[in-house]
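J.: What would the 3D arrangement of this be:
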Amino acid sequence: MQKVTVEEIQQDPLKYLNQVEAGKSFIIMQEDKAIAELKPIQNHHKQQRPFGLCAGEFSVPDDFDAPLPEEILSAFEGG
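T.: Model (predicted):
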């Protein structure tokens, strides 16, 4: 990683920003001390899954929202 001084960046900020945009990173120095790191932002955009991705792989039964049998209900309710 290349080191640059605050003064160098102040002289031509676009030069360094263009290099960062191209993927380069810099350590910014002030009085021989590292004070910051200038680097590209990692883009973590995930593509949305397409609608109907699992179409045809399963089907929802007609009684999907029917009440549960009494023995299952009592098991959930602790009865």
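J.: thinking residue 20 is in contact with residue 37, fair?
T.: No: using Cβ atoms under 8 Å, residue 20 is not in contact with residue 37, being 10.5 Å away. Heads up, the C-betas are built off the backbone N, CA and C, glycines and all.
J.: which neighbours do the two share?
T.: Here residue 20 and residue 37 have residue 26 as joint contacts, going by Cβ atoms under 8 Å, 6 or more residues apart in numbering.
J.: secondary structure class for the residue nearest the centre of the chain?
T.: Most central in the chain under Cα atoms, centre = their mean is residue 44, positioned 3.8 Å from the mean C-alpha point. Of the three states, residue 44 takes coil under DSSP: H, G, I helix; E, B strand; the rest coil.
J.: How about the one 5 residues further on?
T.: Each residue gets one of three states, and residue 49 gets coil by three-state DSSP.
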